[in-house]
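Novice: for reference, the sequence and a predicted model appear below.
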Amino acid sequence: MKLVIFDVDGTLVDSQAHIVLSMEAAFAAGGLPLPDRGRLLSVVGLSLPYAMAELAPEADEATLARMIDAYRAAFRAHRLAEGAAAAPLYPGAEAALRGLSARDDVCLALATGKSRRGLDALLAAWPFADLFVTTECADDHPSKPHPSMVMQCLLDTGCGTEDAVVVGDTTYDMEMARAARTAAIGVGWGYHGREALLSAGASVVIDGFDALEPALARIWEN
């Protein structure tokens with residue numbers, strides 16, 4: 001059995017606007033100047049406490065805690081107000097997931113820096129949520145690029161490292177895969193650039209979901 005482990009934000013869903021709005025609320029709560037959009041999106045993929053500490057290294061623990069709470073509240077409010085529109089799927093994502101799941105030699109998993117509450121809310125809006133054999137999130141594991149989430153996916157599915165591939169949009173995803181000794185595919189529509197993904201360990205960077213299965217086939221052939 002083969003295993004494909006997907007990141008969520010920046011890989012399956014376009015959550016840029018949602019994230020930026022929530023960061024604006026967080027930095028307002030902390031009384032700190034808001035970093036530029038590129039800087040905000042560069043930490044997507046890290047668990048929220050790590051991301052916030054990276055963006056606001058000057059903040060003390062109490063300020064960081066206030067910012068994290070404000071981010072979560074804004075994220076939740078926006079999600080409730082917008083529903084599925086708050087995090088639309090990238091073109092071709094659902095078809096690619098359904099196509100892979102229809103194969104009798106492939107199973108699917110998620111490994112995301114989202115909280116369990118956030119991930120469950122997203123899954124509740126997906127009519128294809130049952131395609132995933134296991135879903136791992138920041139509440140239960142160290143932040144990416146620690147390999148814990150990938151290792152748990154391997155344990156849950158019984159797959160070996162040589163049969164697993166991580167699909168993600170950030171260097172944290174690529175480094176997580178490398179630490180777990182699995183292959184990795186980068187996607188070119190997310191938050192980190194092509195060269196950064198390749199340097200971090202991606203076997204290939206694809207520009208559309210139609211290129212995913214061919215990329216997987218090449219990896220598994222080797």
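Specialist: Nice, thanks for sending it over. Residues are numbered from 1 along each chain as shown.
Novice: got the residue ranges for the helices in this structure?
Specialist: Using DSSP state H, the helices of the chain run over 16-30, 37-42, 48-55, 61-82, 93-101, 116-124, 148-157, 171-180, 194-200, 212-221.
Novice: save those helices as a markdown table, and put in distance to D9 too.
Specialist: Where you see a C-beta, it was placed from the backbone N, CA and C, and this is true even at glycine. Listed next are the helices of the chain as a markdown table, based on distance: least, C-beta to C-beta, whole Å:
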| stretch | distance to D9 |
| --- | --- |
| helix 16-30 | 7 |
| helix 37-42 | 10 |
| helix 48-55 | 11 |
| helix 61-82 | 11 |
| helix 93-101 | 12 |
| helix 116-124 | 9 |
| helix 148-157 | 14 |
| helix 171-180 | 11 |
| helix 194-200 | 15 |
| helix 212-221 | 18 |
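Novice: ranking those by burial, who's on top?
Specialist: helix 171-180 (a mean of 25; mean count of other C-beta atoms under 10 Å).
Novice: avg pLDDT for that one?
Specialist: Across helix 171-180, the average pLDDT comes to 97.
Novice: let me know which of the helices of the chain is the nearest to A109.
Specialist: A109 lies closest to helix 148-157 among these, at 4.3 Å (C-beta to C-beta).
Novice: right, and the helices of the chain - which one's nearest I206?
Specialist: It is, among these and with distance given as C-beta to C-beta, helix 212-221, at 5.5 Å.
Novice: and the closest one, what does it pack onto?
Specialist: On a contact count with 3 or more C-beta pairs under 8 Å, 6 or more residues apart in numbering; DSSP states H and E, helix 212-221 meets strand 2-6, helix 93-101, strand 164-168, strand 183-187, strand 204-206.
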